[in-house]
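K.L.:
Need coordinates for the following:
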Amino acid sequence: METLDATDRQILRLLQQDGRMTNAKLAARIGRTPAPTLGRVRRLEREGYVRKYVALVDQARLGKPVTAFVSIILRSHVQKTSDLFRKAMARLPEVLECHHIAGEEDFLLKVVAASPADYERFVLEKLTKIPGIERVKTTFVLSSSKLETRIPVDDPAPV
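P.N.:
So this is what the prediction gives:
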């Protein structure tokens, strides 16, 4: 983060709060004019600080109120098995996140479903058909007290 100054960090904080904010409003909020503000935003996008803009939707309103965290243990830990598993996860729309993790399990998935029965169909008809899976362990979310997408954009520590 050495290339980010205070204005860049402020832009990132504001865009994480409201990605649809107009450039004019963003410029006003940071106390700059629109043209240089747009230049900064484009640079942050180009350098990969801003990967994409999305809308956060309500999964229950879309008929997918069930969230499960799924731990996966693979039979083999060779690169090919891991790569095939990752590619398979990328093709499953129910899988919102796929993390390669350290510990007893190999991968941690975040999966959404319409119901426990819908989740069961996902496991039996899709997940367990993927070659290389030794064990699947599911933890269902009962409720969530915090759902956040914003990454803290801290000011650098004083030297």
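K.L.:
helix or strand right after the helix or strand hosting residue 120?
P.N.:
In the assignment (DSSP states H and E), residue 120 maps to helix 116-125. As assigned by DSSP H and E, the chain's next helix or strand after helix 116-125 is strand 133-140.
K.L.:
Quickly run through the sheet partners of that following strand, with directions.
P.N.:
strand 66-74 (antiparallel) (DSSP bridges).
K.L.:
The following helix or strand past the strand it pairs with vs strand 133-140, what angle?
P.N.:
Sequence order places helix 79-90 as the next helix or strand after strand 66-74, per DSSP H and E. Here the directions of helix 79-90 and strand 133-140 differ by 40 degrees (axes from the mean of the first three to the mean of the last three C-alpha atoms, to 10 degrees).
K.L.:
Export helix 79-90 to PDB, keeping only CA atoms.
P.N.:
Extracted as PDB, the C-alpha positions of helix 79-90 are listed here (Å, rounded to 0.1, in the frame of the first residue of the first chain):
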ATOM      1  CA  GLN A  79      -1.500 -30.200  -7.700                       C
ATOM      2  CA  LYS A  80      -3.700 -31.800 -10.300                       C
ATOM      3  CA  THR A  81      -6.400 -32.900  -7.800                       C
ATOM      4  CA  SER A  82      -6.500 -29.400  -6.300                       C
ATOM      5  CA  ASP A  83      -6.600 -27.700  -9.700                       C
ATOM      6  CA  LEU A  84      -9.500 -29.900 -10.800                       C
ATOM      7  CA  PHE A  85     -11.400 -29.200  -7.600                       C
ATOM      8  CA  ARG A  86     -11.000 -25.500  -8.000                       C
ATOM      9  CA  LYS A  87     -12.200 -25.600 -11.600                       C
ATOM     10  CA  ALA A  88     -15.200 -27.600 -10.600                       C
ATOM     11  CA  MET A  89     -16.100 -25.100  -7.800                       C
ATOM     12  CA  ALA A  90     -15.800 -22.200 -10.300                       C
END
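K.L.:
which other residues reach stretch 42-58?
P.N.:
With C-beta atoms under 8 Å, 6 or more residues apart in numbering as the test, stretch 42-58 has contacts from 3-4, 8, 11-12, 15, 19-20, 41, 149. Any C-beta I mention is one placed from the backbone N, CA and C, and that applies to glycine too.
K.L.:
and which of those is nearest residue 139?
P.N.:
Closest approach between those and residue 139, by C-beta to C-beta: residue 149, at 21.0 Å.
K.L.:
picking up where we left off before, which two of the contacts of stretch 42-58 lie the greatest distance from each other?
P.N.:
Every pair of the contacts of stretch 42-58 checked by C-beta to C-beta; the farthest is 3 and 20, at 25.7 Å.
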